[in-house]
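[1] structure of the sequence below:
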Amino acid sequence: MSVTATPTRTPVCLRIFPGLGILALMLVTPLPTALAEYEENDNPLYEEAMEAARLRNFAEALVRWRRLADDNDKNAQYRLGAMYRRGLGVKPNLKLAAQWFRKAAENGHARAQYNLGVMYQKGLGVKKDPQEAERWFHRADSNGVDLASLKLRGIVNGSLTNIDVETLTGSARKQPLDINEIVTWAAREGYDKALNDLFKLGADVNHTDKFGRTALIVAAQHGQAGSVEALLANGAKPNKKDGAGSFPLYEASLHNHPLTVKSLLSGGADPNLRTPGGRTALMAAAAKNLPKIIDLLMDHQANINLRQADGRTALHIAAAYDNDAAAKALLKRGANGRLLDKAGASPLVVAVEHGNTNVIRVLLQGRVPTNLTNQHGDTPLTYAARYGRHKSLRALLQAGVNPDDTDKRHRTALRIAAENGDKIAVNLLLQHRANPQLHGRKGDTALILAVRNNHTPVVRALLGHGAKADTANDNGWTPLMYAAARGNLPMLKLLLEQDADPNLQNRNGWTPLMLAARNGDPLVVSTLLRYGADVRLTSSDRRTALYVAREHKRKKAAAILLKAGAEKLALPVPSGKREINKKG
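    Numbers count the residues shown, from 1 in each chain. Below you'll find the model as predicted:
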């Protein structure tokens, strides 16, 4: 006679019947499977956290539950304890788990009381204390947790091998036993021999809970290779997904269980199966920096260049998390470093974006291309310069990337950093011998861009590393002309002290003095005159500095020019002729 699974489910834990000496659930904590346990809570924030947890977005769930827990919500406190206990969305931390279980337990949460008792019983996150464990088991028992009663009676022995078929099927049993829940528990705890007993009793090896999770998924997540083999031997489907789209191989890979991964692959698990977001087990291993798992999957024909929904490969994912060991393993196995995600980013650009210097070095050692551009035309180097990723910039330069490489718009990293006024990036590039004299499309040098945007510290750095003060752009504008036109006296003095010529003329014949006269700053005009600016020079349409000052009603500037001897040299502009003064 056999027992088949009944659709009736017990609420919090399994019911244990007289004569059945078994342990149902050692620790009632909300793992992905146990997150299915529902608690009455009308708070929308709590429901949002539950939904996030069901979708395996544990970090988001953690944030919401923490807000509620700080407001003394016992259910949220219990959930936080469980997440710290199992490392869901955070690193496992038994001490914090015990603290949150205690808060929830003191607020009357029955399962938290039981869990706290277990932690005192086993010395998990707290000092082992049998008396304190017994105290919390009593409180949990008074609140209806059957396992607490079993603990107190001392009949929980961790074995399922002594299942009495007659007891299970006898007429004396008043309530139905959900044998499939026992299967899930046994799989999680690693009682592979007991699993065989349960299947003889008619348990469904592919039974799913309300969230679609099978015993095989649970065993895989907890690294129970023996349970996995027992389940597969009894017909478990290795590629069956849960309600969130996860599957056994993904869980085993994500949680770093190499023996379980090996058992699943030998049992027919598809190494290229995907979650709804397109993630494979290989991507999970890359995200967790697990080279041994990567090698196991590759030995079973995992496709190393598959892309998830955003177009990223396992190598992109390793780059995003600075997982150098994973990146090295992937490159060794032939990962393509030239593939771009949907945003047009290569793995190297992704590493640069996140400032992940370890992976940057690994990728460059693996000879990934350094000149691939993203959708905005940036190379890894120009991206680092544009967005101030100084650690990434330094790593790229130290690895030998050419500091003078240009993006799709023919801009160098130095010109970009100079235009943005990023002194740190400018100094890094100059220290690695970036050429400050290179011209852009319109002939602008890094110095011209820095002057034009009033970045005095950058100008000083460029001049100190060989930038020529008189280098002009395609329209003949020199750095000194821009400083004069903008009335930037400190910049003007800095350039003049570097022997900038105050009498150079642009394509229209304008000098720095004419531009200063138009701006009207008397100090700028005086400074140029002191450094030898010639008041007699004329533009291509015969304007003089004095004429420009009078034209723009700059009385103070005109007075200074007159005092310098400009009156006798002023020439009128021929009637009807206007100058078009081209700027760079």
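
[2] packing partners of the helix or strand encompassing residue 351?
    Assigned by DSSP states H and E, residue 351 falls within helix 347-353. Helices and strands touching helix 347-353, as assessed by 3 or more CB pairs under 8 Å, 6 or more residues apart in numbering; DSSP states H and E, comprise helix 314-320, helix 357-365, helix 380-386, helix 390-398. Any C-beta I mention is one placed from the backbone N, CA and C, and that applies to glycine too.

[3] now do the last one: which elements does it pack against?
    Just to be clear, that refers to helix 390-398. helix 347-353, helix 357-365, helix 380-386, helix 423-431.

[4] now the third one
    In this structure, helix 380-386 makes packing contacts with helix 347-353, helix 390-398, helix 413-420, helix 423-431, judged by 3+ CB pairs under 8 Å, 6+ apart.

[5] repeat that with 10 Å
    On a contact count with 3 or more CB pairs under 10 Å, 6 or more residues apart in numbering; DSSP states H and E, helix 380-386 meets helix 347-353, helix 357-365, helix 390-398, helix 413-420, helix 423-431.

[6] for residue 79, which of those helices is the nearest?
    helix 347-353 (32.7 Å; CB to CB).

[7] related to what we said a few turns ago, mind putting the helices and strands packed on helix 347-353 into TSV with mean neighbour count and distance to residue 262?
    Formatted as TSV, those follow (neighbours: other CB atoms under 10 Å; distance: least, CB to CB, whole Å):
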stretch	mean neighbour count	distance to residue 262
helix 314-320	29	19
helix 357-365	23	26
helix 380-386	28	37
helix 390-398	22	36
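
[8] for residue 455, find the nearest of those helices.
    helix 380-386 (13.9 Å).

[9] on that earlier part again, dump the helices and strands packed on helix 380-386 into a markdown table; add distance to residue 182 and mean pLDDT as well.
    Below are these laid out as a markdown table (distance: least, CB to CB, whole Å; pLDDT from 0 to 100):
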| stretch | distance to residue 182 | mean pLDDT |
| --- | --- | --- |
| helix 347-353 | 45 | 95 |
| helix 357-365 | 45 | 95 |
| helix 390-398 | 52 | 96 |
| helix 413-420 | 63 | 97 |
| helix 423-431 | 62 | 97 |
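
[10] save those as TSV, and put in distance to residue 80 too.
    Shown next, in TSV, are the helices and strands packed on helix 380-386 (distance: least, CB to CB, whole Å):
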stretch	distance to residue 80
helix 347-353	32
helix 357-365	31
helix 390-398	33
helix 413-420	43
helix 423-431	40
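
[11] how is this protein partitioned into domains?
    Structural domains assigned to the chain are 34-157, 469-584, following automatic domain parsing.

[12] related to what we said a few turns ago, could I get the helices and strands packed on helix 390-398 in a markdown table, plus columns for distance to residue 323?
    Converted to a markdown table, the helices and strands packed on helix 390-398 look like this (distance: least, CB to CB, whole Å):
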| stretch | distance to residue 323 |
| --- | --- |
| helix 347-353 | 10 |
| helix 357-365 | 7 |
| helix 380-386 | 18 |
| helix 423-431 | 25 |
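
[13] residue 255: which of these is closest?
    Nearest of those (CB to CB): helix 357-365, 22.3 Å.

[14] state the mean pLDDT of stretch 243-251.
    For stretch 243-251, mean pLDDT is 96.

[15] straight-line length of that stretch, end to end?
    14 Å (CA to CA, to the nearest Å).

[16] buried set for that stretch?
    Buried residues in stretch 243-251, counting neighbours by 16 or more other CB atoms under 10 Å, are found at 244-251.

[17] swap in stretch 342-354?
    Counting neighbours by 16+ other CB under 10 Å, stretch 342-354 gives 345-354 as buried.

[18] same check on stretch 53-62?
    So, applying 16+ other CB under 10 Å, buried residues of stretch 53-62: 53-54, 56, 58, 60-62.

[19] next one: stretch 534-554
    534-535, 537-539, 541, 543-550, 554.

[20] give me the lowest-pLDDT entry from those residues.
    Ranked by pLDDT, the buried residues of stretch 534-554 bottom out at residue 541 (88).

[21] assign it to helix, strand or coil.
    Put simply, residue 541 is coil when judged by DSSP: H, G, I helix; E, B strand; the rest coil.

[22] for residue 244, same thing?
    Applying three-state DSSP: residue 244 is coil.

[23] check contacts around it.
    Taking CB atoms under 10 Å, 6 or more residues apart in numbering, we find residue 244 in contact with 32, 53-57, 211-213, 275-276.

[24] 7 Å instead?
    Neighbour list for residue 244: 54-56 [criterion: CB atoms under 7 Å, 6 or more residues apart in numbering].

[25] how much space separates it from residue 292?
    26 Å (CB to CB, to the nearest Å).

[26] and if you look at residue 507?
    Taken as CB to CB, the span from residue 507 to residue 292 is 66 Å.

[27] what's the burial count for residue 128?
    When neighbours are counted by other CB atoms under 10 Å, residue 128 registers 12.

[28] hmm, residue 83 is touching residue 90, no?
    Yes. Residue 83 lies in contact with residue 90 (CB atoms under 7 Å); the separation is 6.2 Å.

[29] show me the shaky parts of the chain.
    1-41, 150, 153-177, 568-584 (pLDDT under 70).

[30] so residue 377 sits right up against residue 410, yeah?
    No. Using CB under 7 Å, residue 377 is not in contact with residue 410; the gap is 9.7 Å.

[31] more crowded one of those two?
    Neighbour count, other CB under 10 Å: between residue 377 and residue 410, residue 377 has more, with 15 against 12.

[32] so the nearest residue to the more buried one once chain neighbours are set aside, which state does it fall into?
    Using CB to CB, 6 or more residues apart in numbering and skipping the chain neighbours, the partner closest in space to residue 377 is residue 408 (3.4 Å). Classification of residue 408 using three-state DSSP returns coil.

[33] quick check: phi and psi on residue 408?
    phi -70, psi -20 (degrees, to the nearest 10).

[34] measure it to residue 543 for me?
    Distance of residue 408 to residue 543, computed by CB to CB: 40 Å.

[35] quick one on the thing from earlier: ok, so of the buried residues of stretch 534-554, who is nearest residue 134?
    Nearest to residue 134 among those, with distances taken as CB to CB, is residue 554, at 92.8 Å.

[36] which residues are contacting the helix or strand where residue 459 lies?
    If you go by DSSP H and E, residue 459 is part of helix 456-464. By CB under 7 Å, 6+ apart, the surrounding residues in contact with helix 456-464 are 418, 421, 423, 426-427, 430, 436, 446-447, 450-451, 469, 490-491, 494, 498.

[37] now the helix or strand following that helix: how far from the chain's centre is it?
    Beyond helix 456-464 in the direction of the C-terminus, DSSP H and E gives the next helix or strand as helix 479-486. Per CA atoms, centre = their mean, to the nearest Å, the displacement of helix 479-486 from the mean C-alpha position of its chain is 43 Å.

[38] show residues contacting helix 479-486.
    447-448, 451-452, 454, 469, 491-492, 495, 500, 502, 506, 512, 515-516, 519, 524, 528.

[39] in helices, which of these appear?
    Using DSSP state H, the members of the contacts of helix 479-486 that fall in helices are 447-448, 451-452, 491-492, 495, 512, 515-516, 519, 524, 528.

[40] among those residues, who's most crowded?
    Within the ones in helices among the contacts of helix 479-486, most neighbours by other CB under 10 Å means residue 516, with 36 neighbours.
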